[in-house]
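S.K.: The amino acid sequence is not available; the structure is as follows:
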């Protein structure tokens, strides 16, 4: 698994700067900000899903390399988004927690559009390394 992590990080570092910044935003929104809200169920679930995504992406990197199939690693976000939508009524948008919750939903939804596109391209035969 360490080699898969190394290969994933090498691939990430070879990506264009805008893609690296996008990944950094995903890590901050899903993996760092939830640490400030530990004990709040939505933050805990978001962090757990983020860690699960990372593990899946390492397995995918090991099996398929740094290819478009990595987008499938974010597919658990579909379930996360459904769950978070059901929680919105109970969480005001005016405080930091409510703002983060809505922001992470938007960021993850945008990422899923990119991810689905990448996986479809992979399934259709675009299986080359991305970098």
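M.R.: Noted; the coordinates are in hand. In this text, all values refer to a predicted model and were calculated from it rather than measured experimentally.
S.K.: residues in contact with residue 63?
M.R.: By Cβ atoms under 8 Å, 6 or more residues apart in numbering, residue 63 lies in contact with nothing. Heads up, the C-betas are built off the backbone N, CA and C, glycines and all.
S.K.: confidence score at it?
M.R.: pLDDT for residue 63: 95.
S.K.: Dihedrals phi and psi, the residue sitting furthest away from the middle of the chain?
M.R.: Most distant residue from the mean C-alpha position of the chain: residue 94, 24.8 Å away (Cα atoms, centre = their mean). The phi/psi pair for residue 94 (degrees, to the nearest 10) reads phi -80, psi -20.
S.K.: what do you get for residue 37?
M.R.: phi -120, psi 20.
S.K.: shouldn't it be in contact with residue 43?
M.R.: Yes. Using Cβ atoms under 8 Å, residue 37 is in contact with residue 43, at 3.6 Å.
S.K.: that older thread, what distance do you get for the residue farthest from the centre of the chain to residue 3?
M.R.: Shown here: residue 94 relative to residue 3, a distance of 46 Å by Cβ to Cβ, to the nearest Å.
S.K.: Find the nearest non-adjacent residue to the most centrally placed residue in the chain, please.
M.R.: For the chain, the residue nearest the mean C-alpha position is residue 74 (5.0 Å; Cα atoms, centre = their mean). Nearest non-adjacent residue to residue 74, counting by Cβ to Cβ, 6 or more residues apart in numbering: residue 115, 4.7 Å away.
S.K.: quick one: the one you found and residue 108, what's the gap?
M.R.: Per Cβ to Cβ, residue 115 is found 10 Å from residue 108.
S.K.: In the chain, what residue spans correspond to helices?
M.R.: For the chain, applying DSSP state H gives helices covering 2-14, 17-27, 33-36, 41-64, 76-87, 96-123.
S.K.: can you give me the mean pLDDT across stretch 79-94?
M.R.: Mean pLDDT, stretch 79-94: 96.
S.K.: which parts of that stretch are buried?
M.R.: Residues of stretch 79-94 classed as buried by neighbour count (16 or more other Cβ atoms under 10 Å): 80, 81, 84, 91.
S.K.: Stretch 112-131 too?
M.R.: 112, 115, 118, 119, 122, 130.
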